[in-house]
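1. Just to be clear, the model below is a prediction. Sequence and coordinates:
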Amino acid sequence: MNYVSTRNNHPAVQSSQAINLGMVPSGGLFVPETIPQLSINDCIGKSYTATAEQVLAPLLDDFSSKEIKDCVALAYDNSFDVPDVINLSKVSPDSWVLELWHGPTAAFKDVALQIMPHFMRYSKQKNSERRHTLIMVATSGDTGKAALEGFKDCEGISIVVFFPHGGVSEVQKLQMLTTSGNNTSVIAVEGNFDDCQSSVKELFSDKQLREKAQRKGVAFSSANSINWGRLCPQIVYYVKAYASLVEKGEVAVGESIDFCIPTGNFGNILAGYYAQKMGLPIRKLICASNKNNVLTDFFKTGHYDRNRQFHRTMSPSMDILISSNLERFLFEMTGHNADKVLKWYNQLQDRGEFKVDEETFETMRAVIEASWVDEPAVLETIGEVYKQSGYVLDTHTAVAFAASRKVKKDAVPVIIASTASPFKFSGDVLQGLNKGEAAEDEFESVRKLHELSKMNIHRAVDGLKEKRINHGLVISKGEMGKVVEKIVSEIV
């Protein structure tokens, strides 16, 4: 299968090349030229690893079945705290929470970032890539630690993570700053996530910087969901979640369900879209946003406008105004019309806004329904769900749960993607459960949440406060290029 650029500015490549490059060097993202079809019947009763092999094989068809099997086994056999990687919990007669946070860093990103380093290793071999790979990551909180955990100490690879200074939770920050590994760098950037993400994209397309790296024998890549190798493993858990409902007798094969996904950079919900295109009977994908509701406005009007106030919220992984993977989605909605996509994204760069045509608007509205909730509603939802079912939602999952209630008008089953353990955001979760009572600090909140809920503290959080800080640099956005140059110069 070939992968093409959303901006028609790069020759078609195979999946291993797309993974190696991360994104199109001159701007744009790689997208599969065609979408393979999946037999849902063949997925019923299979383990997560078997499902992953079945879903990934046609998407990564320049990998052998043995290579796919090897990557899947290395990623999932011993890295997660539940037997089948994910867990599905019923919280109401027609609602389930899809727990994606049972991996080493307590975030859904682990599902993809435990397998991606193995994809990268094989991709480098397949393309005779002997250069050292420098992975550059912008994170709103969760991707950074998951990527660091996946790539630390990988031979022939270094990783640098940029996160917004003051824009992540205390737990998220400490998770990153305590990362070990002789190939890791973690940098706080004065600004927000969009500043980090936009600058990383600029670094990728900086011809002079790439030439300097080339002379040093270094190639750039990414572990954000702009890299197809990060995004495609996320398709698997949609398929597995649906199969699990069938196995439980909750739905019949072929019966449609909805998914509600807390959304920031649009990668997680885009994976759901690709699952739908592969044949999974998804009726609607519900795009749930927090107070930074740029996506809700877009799906209601067709007008994308990032020229608005940026809010730091209790769901920081969603505090994003420029959703990178929306570009892939629009490429699909226009029937792979790169000219339209390029025009819109040039307008976004120049003016901070664009408006899609009516045909594209109607096409995307048939796939996505969007809603947003404010901060009081997040806390209220955490408290109500716990009171009714004893289930503890993290702040991001609470956004999705509340949004699904706002838009759903029938009893069609809905699966709500739970993207992080409540222990990663225990202070705000505790406020929701205790109706405003706050603990002295984040780790006192962890202890109190454990006592109140009787949940085991996630291993990613347990003992985190006592770990050694290994990183601490804070820079301005304008200094990111110099930092990357320095990292490149120090690579042996």
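-> That came in fine, so what should we check first? For clarity, every value in this text was computed on a predicted model and none was experimentally measured. Numbers count the residues shown, from 1 in each chain.
2. quick one: low-confidence parts of this protein?
-> 436-439 (pLDDT under 70).
3. pull the longest helix from it.
-> In the chain, taking DSSP state H as the definition, the longest helix is helix 228-247.
4. Tell me which residues touch the residue nearest to Tyr237 when sequence neighbours are not counted, please.
-> Nearest non-adjacent residue to Tyr237, counting by C-beta to C-beta, 6 or more residues apart in numbering: Ile86, 5.3 Å away. From N, CA and C alone the C-beta is placed, and that goes for glycine too. Applying C-beta atoms under 8 Å, 6 or more residues apart in numbering to Ile86 gives the contacts Tyr48, Leu98, Glu99, Leu100, His102, Val111, Tyr237, Lys240, Ala241.
5. so what's the closest residue to the last one other than its chain neighbours bridging to?
-> In space, not counting the residues next to it along the chain, Ala241 is nearest to Leu98; the distance is 5.0 Å by C-beta to C-beta, 6+ apart. With DSSP bridges as the criterion, Leu98 is bridged to Leu88, Ala417.
6. contacting residues for Leu98?
-> Leu98 touches Ile86, Asn87, Leu88, Tyr237, Ala241, Ile415, Ile416, Ala417, Ser418, counting by C-beta under 8 Å, 6+ apart.
7. and the fourth one, how far is that from Asn78?
-> Okay, so that is Tyr237. Applying C-beta to C-beta, to the nearest Å, the value for Tyr237 to Asn78 is 18 Å.
8. of the contacts of Leu98, buried ones?
-> Ile86, Asn87, Leu88, Tyr237, Ala241, Ile415, Ile416, Ala417, Ser418 (16 or more other C-beta atoms under 10 Å).
9. Could you tell me the phi and psi values at the first one?
-> Meaning Ile86. phi -120, psi 170 (degrees, to the nearest 10).
10. I'd like the numbering to begin with 436 instead of 1 from here.
-> Renumbered: residue one is now 436, and that last one reads Ile521.
11. Dump the contacts of Ile521 into CSV; add distance to Leu644 as well.
-> CSV is the format used below for those (distance: C-beta to C-beta, whole Å):
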residue, distance to Leu644
Tyr483, 39
Leu533, 40
Glu534, 40
Leu535, 35
His537, 38
Val546, 32
Tyr672, 36
Lys675, 40
Ala676, 41
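12. Out of those residues, which is nearest to Leu908?
-> Distance to Leu908 across the contacts of Ile521 (C-beta to C-beta) is lowest for Val546, with 29.3 Å.
13. Leaving out sequence neighbours, find the closest residue to Asp641.
-> In space, and not counting its chain neighbours, Asp641 is closest to Gly916: 6.9 Å by C-beta to C-beta, 6+ apart.
14. that's a strand at that neighbour, yeah?
-> No. Counting by DSSP: H, G, I helix; E, B strand; the rest coil, Gly916 falls outside a strand, being helix.
15. measure it to Leu644 for me?
-> In terms of C-beta to C-beta, Gly916 sits 6 Å off from Leu644.
16. Now do the shared contacts for these two.
-> Joint contacts of Gly916 and Leu644 (C-beta under 8 Å, 6+ apart) are Leu638.
17. Quick check: Ser524 touching Glu534?
-> Yes. The pair Ser524 and Glu534 qualifies as a contact (C-beta atoms under 8 Å) at a distance of 6.4 Å.
18. Centroid-wise, who is the farthest residue in the protein?
-> Distance to the chain centre peaks in the chain at Arg650, reaching 32.5 Å (criterion: C-alpha atoms, centre = their mean).
19. helix, strand or coil for it?
-> helix.
20. so how far is stretch 856-876 off the chain centroid?
-> 24 Å (C-alpha atoms, centre = their mean, to the nearest Å).
21. what's the answer for stretch 849-856, then?
-> 12 Å.
22. same deal with stretch 543-552?
-> Worked out by C-alpha atoms, centre = their mean, stretch 543-552 lies 10 Å from the chain centre.
23. same deal with stretch 767-775?
-> Counting by C-alpha atoms, centre = their mean, stretch 767-775 is centred 23 Å from the centre of its parent chain.
24. Gln489 sits in which helix or strand?
-> Here Gln489, judged by DSSP states H and E, is contained in helix 483-494.
25. Give me the residues contacting that helix.
-> Around helix 483-494, the neighbours that count as contacts under C-beta under 8 Å, 6+ apart are 436, 450, 467, 471, 473, 477-478, 481, 498, 500, 503-504, 507-508, 511-512, 519-521, 550, 667-668, 670-672, 674-675, 678, 713.
26. what about 6 Å?
-> By C-beta atoms under 6 Å, 6 or more residues apart in numbering, the residues outside helix 483-494 that reach it are 471, 478, 503-504, 507, 511, 519-520, 667, 670-671, 674-675.
27. ok, the residue nearest to Glu815 when sequence neighbours are not counted to Ser620 distance?
-> Nearest residue to Glu815, sequence neighbours excluded (C-beta to C-beta, 6+ apart): Gly867, at 7.3 Å. Gly867 sits 35 Å away from Ser620, going by C-beta to C-beta.
28. How about Val517?
-> 32 Å.
29. Looking at these two, which has the bigger crowd around it?
-> More crowded of Val517 and Ser620, by other C-beta atoms under 10 Å: Ser620, with 22 against 11.
30. one step back: please render the contacts of Leu533 as JSON lines that adds distance to Val572 to the earlier fields.
-> Listed next are these as JSON lines, based on distance: C-beta to C-beta, whole Å:
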{"residue": "Ile521", "distance to Val572": "23"}
{"residue": "Asn522", "distance to Val572": "27"}
{"residue": "Leu523", "distance to Val572": "29"}
{"residue": "Tyr672", "distance to Val572": "21"}
{"residue": "Ala676", "distance to Val572": "27"}
{"residue": "Ile850", "distance to Val572": "28"}
{"residue": "Ile851", "distance to Val572": "27"}
{"residue": "Ala852", "distance to Val572": "21"}
{"residue": "Ser853", "distance to Val572": "23"}
